[in-house]
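Student: The following block contains a protein sequence and its predicted model.
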Amino acid sequence: MPEPRAPRPTELVTNYFDKDIEDMGPLLSHLSTTFSAKPEDVQKLETDENLGRIVESDEETAMFTSSIEDRIVATATANLIWTPSPEGWVDDVVTHPDFENQGFGSAVMRRMHDWFRANNVQTVRLTSSHKRETAGDMYEKMGYVIDGKVWRAPLTEGNICPDYEELVDQRDYEQVKELLQPKPRGMTESVDAQIDFGLAALAKNSHVVAFPGGGSAEAVAVAAHCPIPTGIKAWLYGVNASNVTDMASIIRDAHGILVSNGAKSANTMTFADTSEEYIEALRQTGYEERATRLYTLHLN
């Protein structure tokens, strides 16, 4: 591996080196207490594996870093999620404490916003702990607003359906269009056109699951997963059914897809207009409301 390398102010990661893995360890340790508790050799192994997944998923995932004197001091990861409309997710945003308030974090965020715009993303979201006040101040200065709540469920045996049904049949598209009404948040163009395009794109990093009822789709959910430096992030979107029981069934189906793709937990969002039935279905499938902020930015 070539050493030394020239300094890199802010860049998109298209390859990485042993030195990058060494730099990422302290950064991720400041971001995640779970990661920091692991032995150093485990941290390096997991970082190597996760960076590899990110680089390989370059069409839907982009990792950006800011460096000084050839040392990575800030990083963030952008993911393009089909919901089925394109939505941007920002994960694992962290600046080393020794370099906070020097513009490194905002530099990687601006590069990510440009990447999202190039991929026709209008809505960008991220989550952040209440304890990370410096990060929260940065997000708000960049135009992010706190919006909605985040729920998380561990993907354990009790809330997974291993025999999930994955919707891949063209004949079911019209049913799915109806089930995805009203249109998902962030979908601003023609619903039919976006769903047609989105369903075709879901095979990249997301999946639509349909709960069969009498041979037709009577419930629907979108199971989205993406690589991040600390592992696999999974999100649940577009859940719709006529009753709580079917909602819970389709959520467990979606969990089956997420587990098969390496996820260990799943996340979803609720807003002021979210139905009580959906919230009850979340509780029945192991979700708990998180004490974290959900930030949303609408790009110009």
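Tutor: Alright, I've got the coordinates.
Student: What is the helix or strand where residue 293 lies packed up against?
Tutor: Secondary structure from DSSP states H and E places residue 293 in strand 292-298. Contacts defined by 3 or more C-beta pairs under 8 Å, 6 or more residues apart in numbering; DSSP states H and E place strand 292-298 against strand 123-129, helix 133-141, strand 145-146, strand 149-154. All C-beta spots, glycine's among them, are computed from the backbone N, C-alpha and C.
Student: any idea how far that strand is from the chain center?
Tutor: 12 Å (C-alpha atoms, centre = their mean, to the nearest Å).
Student: what do you get for stretch 25-44?
Tutor: 20 Å.
Student: i'd like the first residue to be 31 from this point on
Tutor: Yes, from this point I'll number from 31; that puts the last item at stretch 55-74.
Student: Only the buried residues of it, if you could.
Tutor: Residues 55-59, 61-62, 65, 68, 73-74 are the ones in stretch 55-74 that count as buried (16 or more other C-beta atoms under 10 Å).
Student: residues in contact with that stretch?
Tutor: 51-52, 76-77, 102-105, 122, 124-127, 259-260 (C-beta atoms under 8 Å, 6 or more residues apart in numbering).
Student: Span of that stretch from start to end?
Tutor: From its first residue to its last, stretch 55-74 covers 7 Å (C-alpha to C-alpha, to the nearest Å).
Student: what does the average pLDDT come to for that stretch?
Tutor: Averaging pLDDT along stretch 55-74 gives 87.
Student: what's the domain layout of the chain?
Tutor: 40-179, 182-319 (automatic domain parsing).
Student: For residue 328, which of those domains is the nearest?
Tutor: Set against residue 328 and scored by C-beta to C-beta, the domains of the chain come closest in domain 40-179, at 5.9 Å.
Student: Could I get the full set of strands for this structure?
Tutor: Using DSSP state E, the strands of the chain run over 40-42, 91-98, 101-112, 116-125, 153-159, 175-176, 179-184, 236-243, 246-258, 261-270, 295-300, 318-319, 322-328.
Student: Relative to residue 140, which of the buried residues of stretch 55-74 is nearest.
Tutor: The closest of these to residue 140 turns out to be residue 57 (C-beta to C-beta; 18.6 Å).
Student: For that closest one, give its distance to residue 271.
Tutor: 41 Å (C-beta to C-beta, to the nearest Å).
Student: Give me the neighbour count for residue 267.
Tutor: 23 (other C-beta atoms under 10 Å).
Student: Also the one 10 residues further on?
Tutor: One way to gauge burial is a neighbour count; for residue 277, by other C-beta under 10 Å, it gives 25.
Student: Check residue 137 too.
Tutor: What residue 137 shows, counting by other C-beta under 10 Å, is a neighbour count of 18.
Student: next one: residue 78
Tutor: So residue 78, with other C-beta under 10 Å, has 14 neighbours.
Student: check contacts around the residue lying closest to it once chain neighbours are set aside.
Tutor: Using C-beta to C-beta, 6 or more residues apart in numbering and skipping the chain neighbours, the partner closest in space to residue 78 is residue 51 (5.6 Å). Residues near residue 51 by C-beta under 8 Å, 6+ apart: 74, 77-78, 81.
Student: Among those, name the ones in helices.
Tutor: Using DSSP state H, the members of those that fall within helices are 74, 77-78, 81.
Student: now the residues you listed in CSV, with distance to residue 159?
Tutor: Converted to CSV, these look like this (distance: C-beta to C-beta, whole Å):
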residue, distance to residue 159
74, 25
77, 21
78, 26
81, 23
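Student: Which two of these have the greatest separation?
Tutor: Counting by C-beta to C-beta, the most remote pair of the ones in helices among the contacts of residue 51 is 74 and 81, 10.6 Å apart.
Student: and the closest residue to residue 186 other than its chain neighbours, how many residues sit next to it?
Tutor: The shortest distance from residue 186 to any non-neighbouring residue, by C-beta to C-beta, 6+ apart, is to residue 316 (7.0 Å). Using other C-beta under 10 Å, residue 316 is surrounded by 20 other residues.
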